[in-house]
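>>> Predicted coordinates and the sequence they were generated for:
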Amino acid sequence: MYLNPKIYKIYSVIVLAASVLSAIIGIFNIVSISSFINRLIPAASQFTALIIVLFTVLSLLSLFFSYVEFSSMYAFGDMITYVQSDRINPMAKKPFIAPPSFYRSFGTAIFVIYFIAGMISALIMTTADSIKTHYFIALPLFPLILITLSIFLSYVTYYIKYKAIGDLLELSTTGEATSALKERIAENKPRMLRGYCSFLFVLSIIFLIVSAIALIFVFEPLASVFGTGFAVGCTIGFIFFAIIIFLEMAVTGCYFDNLGKMIEHYLIKYKLI
């Protein structure tokens, strides 16, 4: 069973809208703070201008990532409807959805950037640790584990996910599977996609347990210092925040699981497994 495609579409729109709102508020705040600093310290105008430019670039980059996530998830919602309808004609791609090759290239590029950055970080840490300990090669075990985990997660969340999106979108919008496309479909890793769903499920349960324990230990100190009303308000706000995070993980997990399921559907259909 696929998750209702409307949920993916609504969620993707919410993600994009939240990103746009966050960027607007962030840019407005940084400009306001910079203006205040310039009035107090006129000599800092060049520095604050640089900060505004950097923040604006980062905000636009964040919006670009949000657009890719929004358009790919929205397109996947359309693909679920298309698969469930058993139509013969190709699926019509909406104008705001990018070409299939874009998603494949985007996922590959981001993973390569993560991989190179991770390798450089590992090299710097190993060199620094070797110099510090006077060993030829000293491996900082815990940081290297974190770097390896980060690279692996980027491999799944960018390379594997967007390759699957690109291949499925091409297959849905062309209506026919060429030999080259079948080869690309066969290269996908549905087990990793579905396994990542299980990982997110376990992570969400751990998050809820830790949140509950934190509330138990924090409530009394907050009530004793700021009052019971403040502690209750913080508790309600935190519970609301925890529910949002849990729902976000649930939708994201279903997204990966359903991607893997659709890949498996076509692997079986074209006898690729």
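All right, it came through fine. Residues are numbered from 1 along each chain as shown.
>>> How far off centre is the helix or strand harbouring Ser154?
Assigning secondary structure by DSSP states H and E places Ser154 in helix 141-154. How far helix 141-154 lies from its chain's middle: 17 Å, per CA atoms, centre = their mean, to the nearest Å.
>>> Run a quick neighbour tally on Phe47.
13 (other CB atoms under 10 Å). For the C-beta atoms, the positions are set from N, CA and C on the backbone; glycine is no exception.
>>> Okay, it and Ser34: tell me how far apart.
9 Å (CB to CB, to the nearest Å).
>>> Poorly predicted segments of the chain, please.
129-141 (pLDDT under 70).
>>> which residue packs closest to Val156, ignoring adjacent ones?
Tyr196 (5.1 Å; CB to CB, 6 or more residues apart in numbering).
>>> Quick one: residues contacting that neighbour.
For Tyr196, the contacting residues are Val156, Thr157, Gly253, Phe256, by CB atoms under 8 Å, 6 or more residues apart in numbering.
>>> For the second one, list the residues it contacts.
For Thr157, the residues meeting the contact criterion (CB under 8 Å, 6+ apart) are Tyr196.
>>> For it, give me phi and psi.
phi -80, psi -20 (degrees, to the nearest 10).
>>> how close does the spatially most central residue of the chain sit to Gly107?
The chain has Thr157 as the residue nearest its centroid, 6.6 Å off, counting by CA atoms, centre = their mean. Computed with CB to CB, the distance linking Thr157 and Gly107 is 9 Å.
>>> Could you do Val68 as well?
In terms of CB to CB, Val68 sits 9 Å off from Gly107.
>>> Those two: who's more crowded?
With neighbours defined as other CB under 10 Å, Val68 and Gly107 compare such that Gly107 has more, 24 against 19.
>>> Look up which helix or strand that one falls in, please.
Short version, using DSSP H and E: Gly107 is in helix 100-133.
>>> go on, Ala180?
Going by DSSP H and E, Ala180 is part of helix 179-186.
>>> In PDB, list the C-alpha atoms belonging to that helix.
Provided in PDB are the C-alpha atoms of helix 179-186 (Å, rounded to 0.1, in the frame of the first residue of the first chain):
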ATOM      1  CA  SER A 179      17.000  -0.700 -22.600                       C
ATOM      2  CA  ALA A 180      19.000   2.200 -21.100                       C
ATOM      3  CA  LEU A 181      16.200   3.100 -18.700                       C
ATOM      4  CA  LYS A 182      15.700  -0.500 -17.700                       C
ATOM      5  CA  GLU A 183      19.400  -0.600 -16.800                       C
ATOM      6  CA  ARG A 184      19.100   2.500 -14.700                       C
ATOM      7  CA  ILE A 185      16.000   1.200 -13.000                       C
ATOM      8  CA  ALA A 186      18.000  -2.000 -12.200                       C
END
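>>> In it, which of the residues would be classed as buried?
Leu181, Lys182, Arg184, Ile185 (16 or more other CB atoms under 10 Å).
>>> ok, now stretch 220-238?
So, applying 16+ other CB under 10 Å, buried residues of stretch 220-238: Leu222, Ala223, Ala231, Cys234.
>>> So which of the residues you listed belong to helices?
Leu222, Ala223, Ala231, Cys234 (DSSP state H).
>>> Looking at these, spot the one nearest Leu21.
Minimum distance to Leu21 across these is 23.8 Å, recorded for Cys234 (CB to CB).
>>> on contacts alone, who are the packing partners of the helix or strand Lys161 falls within?
Assessed by DSSP H and E, Lys161 sits inside helix 161-174. Judged by 3 or more CB pairs under 8 Å, 6 or more residues apart in numbering; DSSP states H and E, helix 161-174 is in contact with helix 45-85, helix 100-133, helix 179-186, helix 190-226, helix 228-269.
>>> With distance to Lys163 added, can I get those helices in CSV?
Shown next, in CSV, are the helices and strands packed on helix 161-174 (distance: least, CB to CB, whole Å):
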stretch, distance to Lys163
helix 45-85, 11
helix 100-133, 5
helix 179-186, 8
helix 190-226, 10
helix 228-269, 10
